[in-house]
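S.K.: Mind looking at a prediction? Sequence and model below.
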Amino acid sequence: MRILCAIPARGGSKRIPHKNRVDFAGKPLFLWTVYAALKCSFERIVVGTDDDVLFSQIPGSVSAHRRGAESCSDSATVLDATREMLFAYERTDGKYDGVCILLPTAPLRTSHDILRCLERFDGKNIVMAVSHYNLPPWQALTLNGVPFWDTADRKGQQVPDLVCDAGSVYIINRDDLMNLKTLYSKELSLVEIPIERAVDIDDENTLSLARTLARGLLYEASYR
């Protein structure tokens, strides 16, 4: 099957300015995702961005796509940006069977995690990387102390084995990409990755956590 690897990395970010190119363990954040993708033998890897600085940092072995204003708006979705990148490269490459979407905000995800997801893709399903959900969802409270869920008669023993979207790897077939508005529109094929590699950087707290975990992972790797 022909799988396009798409890395959507827009320049705008409200919580962390220029988040996708912030320094992370000595490299721009998005490059960790690029380097993991390069180990997976994709036919083409595309980084789509509207950020001039980030655009100039894209390695020559990777395709650089200048995203339009519409796909970089606050209302645009990851699927919108992915469709734009797919259309742009199908003009020269021909039709792809599916797209592997790698979010640049998950720098700890490895090539091994990506390859495990690719193994689960059969050309018709949607594959999502997930991580273990550690707490019962009905323990959630709003900041003013109001329970988010109905907590009546809930016991810990009733908690099923839960996972949540890791915010890192998604593989979708071309037809579903064209027709669906969300990845949650049909049954998913899930691939669990270790929670320490499933940090999706969204604010300063998750950036700090990811940096701490990265230091530990790099230290561990230096002794292998």
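M.R.: Great, that's in hand.

S.K.: where does the protein dip in pLDDT?
M.R.: Where the chain drops to pLDDT under 70, the residues are 150-159, 218-224.

S.K.: mind redoing it with 50?
M.R.: By pLDDT under 50, the weakly predicted segments of the chain are 219-224.

S.K.: what comes into contact with the lengthiest strand in the chain?
M.R.: Secondary structure assigned by DSSP state E gives strand 163-173 as the longest strand of the chain. Strand 163-173 is contacted by residues 3, 78-79, 82, 97-103, 105-106, 109, 113-114, 117-118, 120-121, 123-133, 180, 183, 190-193, 198, 200 when judged by CB atoms under 8 Å, 6 or more residues apart in numbering. Any C-beta I mention is one placed from the backbone N, CA and C, and that applies to glycine too.

S.K.: List only buried entries from those residues.
M.R.: 3, 78-79, 82, 98-103, 105-106, 109, 113-114, 117-118, 121, 125-131, 183, 191, 193, 198, 200 (16 or more other CB atoms under 10 Å).

S.K.: Okay, and which of these map to helices?
M.R.: Using DSSP state H, the members of the buried ones among the contacts of strand 163-173 that fall in helices are 78-79, 82, 113-114, 117-118.

S.K.: Adding distance to W32, write these out as JSON lines.
M.R.: JSON lines is the format used below for those (distance: CB to CB, whole Å):
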{"residue": "V78", "distance to W32": "18"}
{"residue": "L79", "distance to W32": "23"}
{"residue": "T82", "distance to W32": "20"}
{"residue": "D113", "distance to W32": "12"}
{"residue": "I114", "distance to W32": "12"}
{"residue": "C117", "distance to W32": "17"}
{"residue": "L118", "distance to W32": "18"}
